[in-house]
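S.K.: When you get a sec, could you give me coordinates for this:
(2 chains)
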2 protein chains.
Amino acid sequence: MLYFIGLGLSYETDITVRGLNAIRNCSRVYLEHYTSILMTASLEELEEFYGKKVTLADRELVESGAEEILRDADKEDVAFLVVGDVFGATTHTDLVLRAKQRNLPVEVIHNASVMNAVGSCGLQLYNFGQTISMVFFTDSWRPDSWYDKIWENRKIGLHTLVLLDIKVKEQSIENMARGRLIYEPPRYMTIAQCCEQLLEIEETRETKAYTPDTPCVAISRLGSASQSFKAGTIDELAQYDSGEPLHSLVILGRQTHELEIEYLLEFCDNREKFKQDVINDQEYFKPAAWVPPQEDDE
Amino acid sequence: MLYFIGLGLSYETDITVRGLNAIRNCSRVYLEHYTSILMTASLEELEEFYGKKVTLADRELVESGAEEILRDADKEDVAFLVVGDVFGATTHTDLVLRAKQRNLPVEVIHNASVMNAVGSCGLQLYNFGQTISMVFFTDSWRPDSWYDKIWENRKIGLHTLVLLDIKVKEQSIENMARGRLIYEPPRYMTIAQCCEQLLEIEETRETKAYTPDTPCVAISRLGSASQSFKAGTIDELAQYDSGEPLHSLVILGRQTHELEIEYLLEFCDNREKFKQDVINDQEYFKPAAWVPPQEDDE
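M.R.: Prediction:
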């Protein structure tokens, strides 16, 4: 059996009991290690907790070396561990598909991921639109296709979850050119960097998918003991010191219920100002004074 | 400490190790029991697994009797268990907010929910729009505000997750009028019922948010051993026997990647027909031949 097991967000004990039981019967255990990181457990702590050796799987191993992972999964138990839930990245979906196409028995053991745990900022999950990824800008590469997606979401009043770039096991261009397997220290985008990139692209595009005064929620270290939320405008959050990684950001849509705002007020410096920012943003994005239809059920 | 603990989707062992450890130190344990059900474990099995008495919390207890749940949570450990993840329903958010406002210490232990585990149908989570709820129609009550939301999602090419109604601890109108605490057997909407209601409202509205030939994926018993997926058009799925609950449905958007379609083909009766249905739907919903911008990252 090839198990795909979500590890959840932070602690080694965030794994499910079912997931842990599965790992303990596996002959090989891989940990996907390039789309996310587990925040509060090291590889050694995981190995001790599982009582198993764990092999780190970088992008190369997953995308090119899949043979190694899939090997003998019809005869023995193999686990492929993913931080968060299993289906967060297309490469994992691809691996599941490859396994199925070879008739290897596959079992998925789900867990929390930022895609649902983001609900703990108080915004309702059913009001989120498409999710975007914000990558580190470089001098020559400043991709902004996400801008249209924010705009599409906001046109219909929806919140946008922004996933912030992480760079793990990255090579400098020089080292890559010279074929030297020397890796840069890992980098994690901060809330401030993300907000600066948002502001830059809005200045270039000028089509007002959002403004510097658009309200957002910064989410840091979701699911860990030091988890924190900060509500403020993009302009304010561009000055925010978000501390240790990992971070995500939610750009508010117009479909905000009173309960959502009430919850967010717990996370802002100036409650009256934030309330007013939300009202102004809704006004600005008229015909934005969209009245949500009465909820049929929750 | 007041713990809010997600139970995941199906098995008693879907709880996280951290969640289980927390429960075992609690003096009172409540299980929310009206927005969802745990598929493969009974109350007795849960109690035995936790080694704790578990009190079922119906809507009345959570919404009106919150005092009982919050009582003494500053002096002892209390657990409020939710099937799936904690922030699936507004009433849970409200309960967390009330606890915080009384300065009760709160800890959330997340888990998988349909909102992220739906990724196991092969559709990418970042391409989903707002989520809708489909309630049982009655002779006099056929709410259709969800129709506009599907239309909004599809206009920008996004998938729509449809959550199907469940009725637990429901009273007949007569019993309610007479104040008799007699409850109807639980009811769970099937995929066929959901699709019939979709077709009915499209016939009434006639604005073509979707057509009978729009491709969908039926998801049954997600996360359980008998989990199944079925890909087909709304018309086809209106004839589909989806078996035991619980069910959800995804209405496809135009932003379908090749990998998504390839994954869905595993779940349909006629691969060539389904591929053509997807192409036709995309054509029909022109200026629908929307070209996804190049993905910056995954």
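
S.K.: So what's the residue count around the spatially closest residue to A:L20 that is not a sequence neighbour?
M.R.: In space, and not counting its chain neighbours, A:L20 is closest to B:V17: 6.1 Å by C-beta to C-beta, 6 or more residues apart in numbering or on different chains. Where C-beta positions appear, they are placed from N, C-alpha and C, glycine not excepted. Using other C-beta atoms under 10 Å in any protein chain shown, B:V17 has 19 neighbouring residues.

S.K.: For A:A117, see how far away B:V17 is.
M.R.: 17 Å (C-beta to C-beta, to the nearest Å).

S.K.: ditto for A:R254
M.R.: From A:R254 to A:A117 the distance is 24 Å (C-beta to C-beta).

S.K.: more neighbours, these two?
M.R.: Neighbours per residue, other C-beta under 10 Å: of A:R254 and A:A117, the larger number sits with A:A117, 32 against 23.

S.K.: That one contacts A:Q227, doesn't it?
M.R.: No - with contacts counted by C-beta atoms under 8 Å, A:A117 stays clear of A:Q227, the gap being 9.5 Å.

S.K.: Which strand or helix spans the closest residue in space to A:S248 that isn't next to it in sequence?
M.R.: Closest residue in space to A:S248, ignoring its immediate chain neighbours: A:I219 at 4.7 Å, by C-beta to C-beta, 6+ apart. Per DSSP states H and E: A:I219 is located in strand A:215-220.

S.K.: and A:C26, how many neighbours?
M.R.: A:C26 has 21 nearby residues by other C-beta under 10 Å.

S.K.: meant to ask about A:E47, not that
M.R.: 16.

S.K.: Tally up the residues packed near the nearest residue to it once chain neighbours are set aside, please.
M.R.: Spatial nearest neighbour of A:E47, chain neighbours left out: A:V54 (5.1 Å); criterion: C-beta to C-beta, 6+ apart. Per other C-beta under 10 Å, the neighbour tally for A:V54 reads 19.

S.K.: Can you give me the pLDDT of A:V54?
M.R.: We note a pLDDT of 95 for A:V54 in this prediction.

S.K.: For B:E258, see how far away A:L43 is.
M.R.: 34 Å.

S.K.: Check A:L9 too.
M.R.: With the distance defined as C-beta to C-beta, A:L9 ends up 30 Å from B:E258.

S.K.: got it, and A:Y188?
M.R.: In terms of C-beta to C-beta, A:Y188 sits 31 Å off from B:E258.

S.K.: repeat for A:E32
M.R.: 22 Å.

S.K.: What of A:E60?
M.R.: 22 Å.

S.K.: Between the two, tell me which one has more neighbours.
M.R.: Each of A:E60 and B:E258 has its neighbours counted (other C-beta under 10 Å); A:E60 has more, 10 against 7.

S.K.: What helix or strand is the more buried one located in?
M.R.: For A:E60, the enclosing helix or strand under DSSP H and E is helix A:59-63.

S.K.: re the thing from before, gap between the residue nearest to A:E47 and chain B?
M.R.: From A:V54 across to chain B, the span is 16 Å (C-beta to the nearest C-beta, to the nearest Å).

S.K.: For A:P287, report the pLDDT, please.
M.R.: Predicted confidence (pLDDT) for A:P287: 56.

S.K.: count of residues packed around the residue nearest to A:L164 when sequence neighbours are not counted?
M.R.: Once flanking residues are discounted, A:L164 sits nearest to A:M189: 4.0 Å by C-beta to C-beta, 6+ apart. Neighbour count of A:M189, defined by other C-beta under 10 Å: 24.

S.K.: With the one 10 residues further on instead?
M.R.: A:L199 is surrounded by 16 other residues when neighbours are defined as other C-beta under 10 Å.

S.K.: didn't A:R102 look like it was pressed against A:L70?
M.R.: Yes - counting by C-beta under 8 Å, A:R102 does reach A:L70; the two are 6.8 Å apart.

S.K.: A:I37 and A:S10, how far apart?
M.R.: Per C-beta to C-beta, A:I37 is found 10 Å from A:S10.

S.K.: Sorry, slip of the keys, the one I care about is A:E174.
M.R.: Distance from A:E174 to A:S10, by C-beta to C-beta: 35 Å.

S.K.: who's more crowded, the two?
M.R.: Shown here are A:E174 and A:S10; by other C-beta under 10 Å, A:S10 has more neighbours (24 against 9).

S.K.: Please name the nearest non-neighbouring residue to that one.
M.R.: Counting by C-beta to C-beta, 6+ apart, A:S10 lies nearest to A:S224, which is 4.0 Å off, once chain neighbours are set aside.

S.K.: what residues are up against that neighbour?
M.R.: By C-beta atoms under 8 Å, 6 or more residues apart in numbering or on different chains, the residues touching A:S224 are A:9-11, A:39-40.

S.K.: among those residues, which ones are buried?
M.R.: A:9-11, A:39-40 (16 or more other C-beta atoms under 10 Å in any protein chain shown).

S.K.: what pLDDT does the residue of the stretch 101-250 of chain A at minimum distance from chain B get?
M.R.: Here the stretch 101-250 of chain A gets closest to chain B at one residue, A:G119, 3.0 Å apart by C-beta to the nearest C-beta. Per-residue pLDDT puts A:G119 at 96.

S.K.: what sits against the nearest residue to it once chain neighbours are set aside?
M.R.: With C-beta to C-beta, 6+ apart as the criterion, A:G119 has its nearest non-adjacent residue at 3.0 Å, and that residue is B:F87. With contact set as C-beta under 8 Å, 6+ apart, B:F87 has these partners: A:116-117, A:119-120, A:124-125, B:93.

S.K.: go with 6 Å
M.R.: For B:F87, the residues meeting the contact criterion (C-beta atoms under 6 Å, 6 or more residues apart in numbering or on different chains) are A:119-120, B:93.

S.K.: any idea which of those is closest to B:G65?
M.R.: B:T93 (17.3 Å; C-beta to C-beta).

S.K.: after the helix or strand containing that closest one comes which helix or strand?
M.R.: Under the criterion of DSSP H and E, B:T93 resides in helix B:90-101. The helix or strand immediately downstream of helix B:90-101 is strand B:106-109, counting by DSSP H and E.

S.K.: I'd like the distance between A:W141 and A:I173.
M.R.: Distance, A:W141 to A:I173, by C-beta to C-beta: 12 Å.

S.K.: SS state for A:T138?
M.R.: coil (DSSP: H, G, I helix; E, B strand; the rest coil).

S.K.: what about A:K75, neighbour count?
M.R.: 10.

S.K.: try the one 4 residues further on
M.R.: For A:A79, the tally of surrounding residues (other C-beta under 10 Å) stands at 27.

S.K.: so what's it up against?
M.R.: So, once contact is read as C-beta under 6 Å, 6+ apart, A:A79 ends up touching A:3, A:5, A:23, A:26, A:29.

S.K.: Same check on A:D144?
M.R.: A:I201.

S.K.: List the buried residues of the helix or strand bottoming out on mean pLDDT in chain A.
M.R.: Within chain A, no helix or strand scores below helix A:59-63, which has a mean of 78 by mean pLDDT, DSSP states H and E. Going by neighbour count (16+ other C-beta under 10 Å), the buried part of helix A:59-63 is A:59, A:61-62.
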